[in-house]
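Visitor: Give me a 3D structure for the following:
(one chain, ligands or ions: 2)
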Amino acid sequence: MSLTADLLIHARWIVTVETDGEVLADHALAIRDGKIVAIVPPEGVAAVSAKETVHLPRHVLMPGLVNLHCHAAMTLLRGYADDLALMDWLQNHIWPAEGKHVSDEFVYDGTLIGMAEMIRSGTTTVNDMYFYNSAVARAGLAAGMRTFVGCSILEFPTNYGLNADDYINKGLKERDEFVGESMVTFTLAPHAPYTVSDATFRKVVTLAEQLDLPIHCHIHETQDEINGSLTEHQVRPLARLAALGLLSPRLVAAHMVHLNDEEIALAAHHGVSVAHNPTSNMKLASGIAPVQKLLAAGVNVGIGTDGAASNNKLDMLADTRMSALLAKVGTQDPTAVPAATALRMATLNGARALGIEARTGSVALGKDADVIALDLGALETAPTFDPISHIVYAAGREQVSHVWAAGRALLRERQLVTLNEGELLGKAEAWRLKIAG
Ligand SMILES: CSC[C@H]1O[C@@H](n2cnc3c(O)ncnc32)[C@H](O)[C@@H]1O
Ligand SMILES: [Zn+2]
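Guide: Ligands and ions are numbered 1, 2, ... in the order given. This next block holds a predicted model:
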């Protein structure tokens, strides 16, 4: 039987992430109208006629990575304030700098730079949270990434908003500009339990239900956050949020570092997804999240980079590796978070957290073609016994050769297709001059 396709990608290996450990040798992926229409065994390729054919003889083809927690525009503050704890970093360095510099232009330029870095490290979906939401959405459309635009909500004023109602109103108005854009989804992003009131959290829950929106919030990031909540509210943050109705399958809880067994059970009971940010949590010395226990309890855990001001990379391959390693050292159990689990966290679990697992997150018939290729022919990944082991433990972002999102090429032979590297370098330098004064 013959098949027509827009694009046929032949790969040495395809890692589907449909079932842990599944590796298809010498298969090809047929893509039509941005979707995967066939996964073709070697004996079937002669029957496929494609407008474009790509041969990847040393490569592994796999689902695009899902960055489940990011502030892409903060690339412009990369290396601005290092080696500090979260609240010192935020209150004494980052928030003052954001107060001086954040604008629509800052967010657009910074997000584009962040997206270029993410594309070059194999990320096709980003769950972002920042200010000037339409600038984030425009950057997502220009880059071609699947973009979740978190409308930040805080009680205090910033350059973008005056108070919680103002952030919400502006966010929803900006959302209207992008109705019908299949690659852009708006979410509600109350910043954290220590910056958002009970009344605002209640409003967020009501709006999210009315408009069917995901919610994205920093939760239980540090021990200080929990101590502060006990003083102010006489209850730990997660219990407060549970009482306010925030815990549900629409919630992506970023960090979740400090959790007791009761809180893990509570998250599982409500179907909350967790965005694990191992590098940011290590760099800010926030702690080690109990990922192994969360997974064992049935919680859906994905992986995020957080912003480049606390990571300092937007490299999902690095954070996937770190997720596996940190789980082992945290539990003193080498079997904790094996490679296939880490890979699932970075792909399918991220998609599930965002409610798009039917569209992306694995290589499967009918899904959107969000796929990436890594060249495993390099010395650094030779020999290859198991491509999944190399993806997680040995390969680096420099081995990401090709990226497609919804079948559109974003990276070819490591060259950006949708974005101009030279232009972005110029923008980064102009912002450095401005920020450094
Ligand atoms: C309202 S989202 C943007 C807001 O969050 C700040 N931020 C960046 N990283 C973190 C983090 O790890 N925990 C808490 N807040 C963070 C960022 O600087 C923006 O002000
Ligand atoms: Zn964050």
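Visitor: domain ranges for this structure?
Guide: According to automatic domain parsing, the chain comprises the domains 3-63+372-406, 65-353.
Visitor: Could you provide those domains in a markdown table, with additional columns for distance to residue 419 and mean pLDDT?
Guide: Quick note: C-beta positions are derived from backbone N, CA and C, even for glycine. A markdown table is the format used below for those (distance: least, C-beta to C-beta, whole Å; pLDDT from 0 to 100):
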| stretch | distance to residue 419 | mean pLDDT |
| --- | --- | --- |
| domain 3-63+372-406 | 11 | 98 |
| domain 65-353 | 5 | 98 |
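Visitor: Around ligand 1, pick out the residues from the stretch 151-300 of the chain.
Guide: 152, 154, 191-192, 218, 221, 280 (C-beta under 6 Å from any ligand atom).
Visitor: sorry, that was for the stretch 1-150 of the chain
Guide: Residues of the stretch 1-150 of the chain lying near ligand 1 (C-beta under 6 Å from any ligand atom): 71, 86, 90, 94-95, 98, 129-130.
Visitor: Report the two of these separated the most.
Guide: Maximum pairwise distance among these (C-beta to C-beta): 17.0 Å, between 86 and 130.
Visitor: Looking at those two, which one has more neighbours?
Guide: residue 130 (26 against 22; other C-beta atoms under 10 Å).
Visitor: What's opposite that one in the beta bridge?
Guide: With DSSP bridges as the criterion, residue 130 is bridged to residue 151.
Visitor: rewinding a little: can I have the buried ones of the residues of the stretch 1-150 of the chain next to ligand 1 as a PyMOL selection?
Guide: Applying 16 or more other C-beta atoms under 10 Å to these, the buried members can be selected in PyMOL as follows:
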select buried, resi 71+86+90+94+98+129+130
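Visitor: hmm, back to that, closest to residue 428 out of the domains of the chain?
Guide: domain 65-353 (5.7 Å).
Visitor: and among the domains of the chain, the most buried is which?
Guide: domain 65-353 (a mean of 21; mean count of other C-beta atoms under 10 Å).
Visitor: Residue 404 and residue 35 touch, don't they?
Guide: No. Counting by C-beta atoms under 8 Å, residue 404 does not reach residue 35; the two are 11.3 Å apart.
Visitor: shared neighbours of those two, anything?
Guide: Common neighbours of residue 404 and residue 35 (criterion: C-beta atoms under 8 Å, 6 or more residues apart in numbering): residue 369.
Visitor: And the residue of this protein that's closest to ligand 1?
Guide: residue 152 (3.3 Å; C-beta to the nearest ligand atom).
Visitor: Please give me every residue in contact with that residue.
Guide: Applying C-beta under 8 Å, 6+ apart, the residues contacting residue 152 are 129-131, 160-161, 167, 171, 189, 191.
Visitor: contacting residues around the closest residue to it other than its chain neighbours?
Guide: Spatially, and ignoring its direct neighbours in sequence, residue 152 is nearest to residue 189 (5.0 Å; C-beta to C-beta, 6 or more residues apart in numbering). Neighbour list for residue 189: 129, 150-153, 215-217 [criterion: C-beta under 8 Å, 6+ apart].
Visitor: how long is stretch 204-219 end to end?
Guide: 15 Å (C-alpha to C-alpha, to the nearest Å).
Visitor: Give me the residues contacting it.
Guide: Residues contacting stretch 204-219 (C-beta under 8 Å, 6+ apart): 69, 127, 129, 148, 150, 153, 168, 172, 185-193, 196, 237-238, 241, 244-246, 248, 250-256, 275, 354-355.
Visitor: same thing but at 7 Å, please
Guide: 127, 129, 148, 150, 153, 186-193, 237-238, 241, 244-246, 250-256, 354-355 (C-beta atoms under 7 Å, 6 or more residues apart in numbering).
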